[in-house]
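> After the sequence you'll find the predicted model.
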Amino acid sequence: MKSPQMQRKMFLIQVGGNTRSGSSGSKRSHESDACDSNSVGSSARPMRREAAKKKGKRKEKELERLDKIASRQEEANQLMKERTMAKNMKIFMKLSSKKNLDDQQKDILERLSQELFGK
């Protein structure tokens, strides 16, 4: 009967795992394990770098797109403020030209003057 450690080593050898580290059966070779001097390096790394560049460019384009959307939104907000200000000014001019104002109109006129002129 073989010991549990010996059985484990035999199993790892059959599976192809690294018996020195007691790993979970990883088949990836380490640089110290390399036997073949003619082995060619993995092409995965350059592809990963290329993919990272593409991902970076995609993110950059997405940020530019979001910046454009944000600037359009700011322009729209500014136009809405100007439009509201123009309407308020029109109402203010109309109310200020009247001689006899009721309480509600006086209140509106006072609020508009505070909003428009900060008085």
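Received the coordinates, thanks.

> Output the below-cut-off pLDDT ranges for the chain.
Applying pLDDT under 70 to the chain flags the ranges 1-2, 12, 14-47, 119.

> 80 instead, please
Along the chain, segments meeting pLDDT under 80 span 1-47, 119.

> So which residues of it form strands?
Read by DSSP state E, the chain holds no strands at all.

> Can you show me the helices along it?
4-15, 44-97, 103-117 (DSSP state H).

> Turn these into a markdown table, including mean neighbour count.
For the C-beta atoms, the positions are set from N, CA and C on the backbone; glycine is no exception. Listed next are the helices of the chain as a markdown table, based on neighbours: other Cβ atoms under 10 Å:
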| stretch | mean neighbour count |
| --- | --- |
| helix 4-15 | 12 |
| helix 44-97 | 11 |
| helix 103-117 | 12 |
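
> which ones are touching Ile91?
108, 112 (Cβ atoms under 8 Å, 6 or more residues apart in numbering).

> quick thing: my sequence starts at 636, can you match it?
Sure, I'll start numbering at 636, so the last one becomes Ile726.

> What distance do you get for it to Arg746?
10 Å (Cβ to Cβ, to the nearest Å).
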